[in-house]
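A.B. asks: Just to be clear, the model below is a prediction. Sequence and coordinates:
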Amino acid sequence: MTKDVLFVCVENAGRSQMAEAFFKKFAPQEFNVSSAGTFPSSQLNTVVVQVMREVGIDVAEQKPKSLSDFMIKTSFKTVNMGCMDKESCPSLFVGDVLDWNISDPKEKSLDEVRIIRDNIKSEVMNLIDTLKEKSS
């Protein structure tokens, strides 16, 4: 039986998409992963697409998705990427959520987004290790 892991942010155009992509690449098959936003953007942040391509992950075809009650209810583990806008903050809608408080890559330079990407990868790898320990 697979367990759902959900990464959430406001626009689902950067941070949560990177986290989803890293989780898909490195997590065991027993986990399903998705990402969503409370107010999804119309497209992914182009700088995010570029920095992910630099590490061999193509997210260009990913689309921002809207956070649903179903996603929240079926999630084994939910991670809030961080909020700038408290009114639309996903953690207001989700109980028992991990909050990583990662900077939004929106309007950041290429080098700043690379740092955010590397931080997200590190957090995802730590989460995968923790989930493996709990499931063994």
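C.D. replies: Sure thing, it's come through.

A.B. asks: ends of stretch 104-113, how far apart?
C.D. replies: 9 Å (C-alpha to C-alpha, to the nearest Å).

A.B. asks: Would you indicate which residues of it are buried?
C.D. replies: Asp104, Pro105, Lys106, Lys108, Val113 (16 or more other C-beta atoms under 10 Å). All C-beta spots, glycine's among them, are computed from the backbone N, C-alpha and C.

A.B. asks: can you tell me which of those are in helices?
C.D. replies: Counting by DSSP state H, those place Val113 in helices.

A.B. asks: would Ser34 count as being in a strand?
C.D. replies: Yes - under DSSP: H, G, I helix; E, B strand; the rest coil, Ser34 falls within a strand.

A.B. asks: mind checking how far the nearest residue to it once chain neighbours are set aside is from Pro28?
C.D. replies: Spatial nearest neighbour of Ser34, excluding adjacent residues (C-beta to C-beta, 6 or more residues apart in numbering): Leu6 at 5.7 Å. To Pro28, Leu6 is 17 Å away according to C-beta to C-beta, to the nearest Å.

A.B. asks: neighbour count winner among these two?
C.D. replies: Taking neighbours as other C-beta atoms under 10 Å, Leu6 and Pro28 compare with Leu6 leading, 25 against 11.

A.B. asks: wait, that one sits on Met81?
C.D. replies: No - Leu6 is not in contact with Met81 according to C-beta atoms under 8 Å; the separation is 10.9 Å.

A.B. asks: Dump the buried residues of stretch 104-113 into CSV; add distance to Val33 and pLDDT as well.
C.D. replies: Listed next are those as CSV, based on distance: C-beta to C-beta, whole Å; pLDDT from 0 to 100:
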residue, distance to Val33, pLDDT
Asp104, 20, 93
Pro105, 19, 96
Lys106, 22, 94
Lys108, 24, 97
Val113, 21, 98
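
A.B. asks: which one of the buried residues of stretch 104-113 sits closest to Gly14?
C.D. replies: Ranked by distance to Gly14 (C-beta to C-beta), the buried residues of stretch 104-113 are led by Pro105 at 4.2 Å.
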